[in-house]
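Enquirer: Sequence first, then the predicted structure, then my questions.
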Amino acid sequence: MIGAAGENVGVVSTQEAMRMAAEADLDLVEVAAAADPPVCRIMDFGKFLYERTRKEREARRAQTKIEVKEIRLRPKTNVHHRSFKVRDARKWLEDGNKVKVRIRFRGREIDYVDLALTDLKEVAEELADIAIVEQAPAMEGRSVLLVLAPSKQQQQKKK
């Protein structure tokens, strides 16, 4: 058993441990049930639960949240306008976000999927120095989608 101040009391009977916890006006909590003999501790259980939830909340807050940004293009988007979008994607990747590049088709444009695939390959090549292709170009309804993620080297530079 471990006492209220954190000192090792030793092996005591269950009744004796409960009496000591009642005297200290605290709770008797079983810490390690699998040990032989089981390890118990005298503590304020409500305070313990509160501190544990507070630590979990702090850990959740400290986690990095990766956002997914999206660029929308069309098969008829010219190189000049695409360069503006690629510049934005570069900035987002440098910030550590993932980027979806989507080429949407309208009407009969869907017959020219090969043009969209070449556009996506060019975008991936332009961003190859800071990004890796997480999801290869694939049809999704009436659009083709490519997902880029920051490369490991880029993430280390950011840190």
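Expert: Arrived safely, thanks for sending.
Enquirer: what about the longest helix in this protein?
Expert: Scanning the chain for the helix with the most residues, using DSSP state H, yields helix 45-62.
Enquirer: Can I get that helix in PDB, CA atoms only?
Expert: Extracted C-alpha coordinates of helix 45-62, given in PDB (Å, rounded to 0.1, in the frame of the first residue of the first chain):
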ATOM      1  CA  PHE A  45     -10.100  10.100  -6.200                       C
ATOM      2  CA  GLY A  46     -12.200  13.000  -7.400                       C
ATOM      3  CA  LYS A  47      -9.100  15.200  -7.600                       C
ATOM      4  CA  PHE A  48      -7.200  12.400  -9.400                       C
ATOM      5  CA  LEU A  49     -10.000  12.200 -12.100                       C
ATOM      6  CA  TYR A  50     -10.100  16.000 -12.500                       C
ATOM      7  CA  GLU A  51      -6.300  16.200 -13.000                       C
ATOM      8  CA  ARG A  52      -6.400  13.300 -15.500                       C
ATOM      9  CA  THR A  53      -9.100  14.900 -17.600                       C
ATOM     10  CA  ARG A  54      -7.300  18.200 -17.500                       C
ATOM     11  CA  LYS A  55      -4.100  16.500 -18.800                       C
ATOM     12  CA  GLU A  56      -6.000  14.800 -21.500                       C
ATOM     13  CA  ARG A  57      -7.500  18.100 -22.600                       C
ATOM     14  CA  GLU A  58      -4.100  19.700 -22.700                       C
ATOM     15  CA  ALA A  59      -2.700  16.800 -24.800                       C
ATOM     16  CA  ARG A  60      -5.600  17.200 -27.300                       C
ATOM     17  CA  ARG A  61      -4.900  20.900 -27.500                       C
ATOM     18  CA  ALA A  62      -1.200  20.300 -28.200                       C
END
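Enquirer: List the neighbouring strands of the helix or strand just after it plus their orientation.
Expert: Counting by DSSP states H and E, the next helix or strand C-terminal to helix 45-62 is strand 68-73. Strand 68-73 pairs in its sheet with strand 98-104 (parallel), by DSSP bridges.
Enquirer: which helices and strands does the helix or strand following the partner strand pack with?
Expert: Sequence-wise, the next helix or strand downstream of strand 98-104 (DSSP H and E) is helix 113-126. In terms of contacts (3 or more CB pairs under 8 Å, 6 or more residues apart in numbering; DSSP states H and E), helix 113-126 is packed against helix 79-94, strand 98-104, strand 131-140, strand 143-150. For the C-beta atoms, the positions are set from N, CA and C on the backbone; glycine is no exception.
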